[in-house]
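[1] Here is a sequence with its predicted model. Questions after.
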Amino acid sequence: MLVGSYKNTIDAKGRVFLPAKFRTYLGDRIIIIKGAEGCLIVYTEEKYMEYVERLRKNGETAAKKYLRYLNLTAVSMEPDAQGRILLTNELREYAGLDKEVLFVGMYDTVEIWTEEKAHSSVEEESSDAIDEYLIKNGF
């Protein structure tokens, strides 16, 4: 399971070390997509295929358009021998990544954020709204 958060620095070539605790879970091949709210999402190849298959089975036009978007923007890669991944210019620009990145474990995926965006995303939800959600859903 992927939990916790870790900071790392992007080098001049756009490479960044995946946290060691995440590398074991993610395996040899990962897929990175543009996520909501300006983050990047890292999937194992298997989890990404499950996600895509659910969209394919949906059959709605919106799902097909989203699949097309995913195929246009997703990046498939293998971490190098040191455990680094290359964040393309397009991915870095989308997420606003410059020097430092924050990896956030989301149980079966990893989100990549700027620290500022990650914290503002959490702060946008008031504690009342979170409490209401938890109570409504029996947590």
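    Sure, I can see it.

[2] Report the mean per-residue pLDDT for the one helix or strand Y51 maps to.
    Element membership for Y51, per DSSP states H and E: helix 45-58. Helix 45-58 shows a mean pLDDT of 93 in the predicted model.

[3] tell me how far that helix is from the chain's mean position?
    In terms of CA atoms, centre = their mean, to the nearest Å, the centre of helix 45-58 is found 15 Å from the chain centre.

[4] Please apply the same query to stretch 32-42.
    With CA atoms, centre = their mean, you get 5 Å for stretch 32-42.

[5] mind listing what's buried in it?
    Going by neighbour count (16 or more other CB atoms under 10 Å), the buried part of stretch 32-42 is I32, I33, K34, G35, G38, C39, L40, I41, V42. Backbone N, C-alpha and C define where each C-beta goes, glycine included.

[6] In CSV: those, plus distance to Y66.
    CSV is the format used below for these (distance: CB to CB, whole Å):
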residue, distance to Y66
I32, 16
I33, 10
K34, 11
G35, 13
G38, 17
C39, 17
L40, 16
I41, 14
V42, 18
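
[7] Now intersect those residues with the strands, please.
    Under the assignment DSSP state E, the buried residues of stretch 32-42 contribute I32, I33, K34, L40, I41, V42 to strands.
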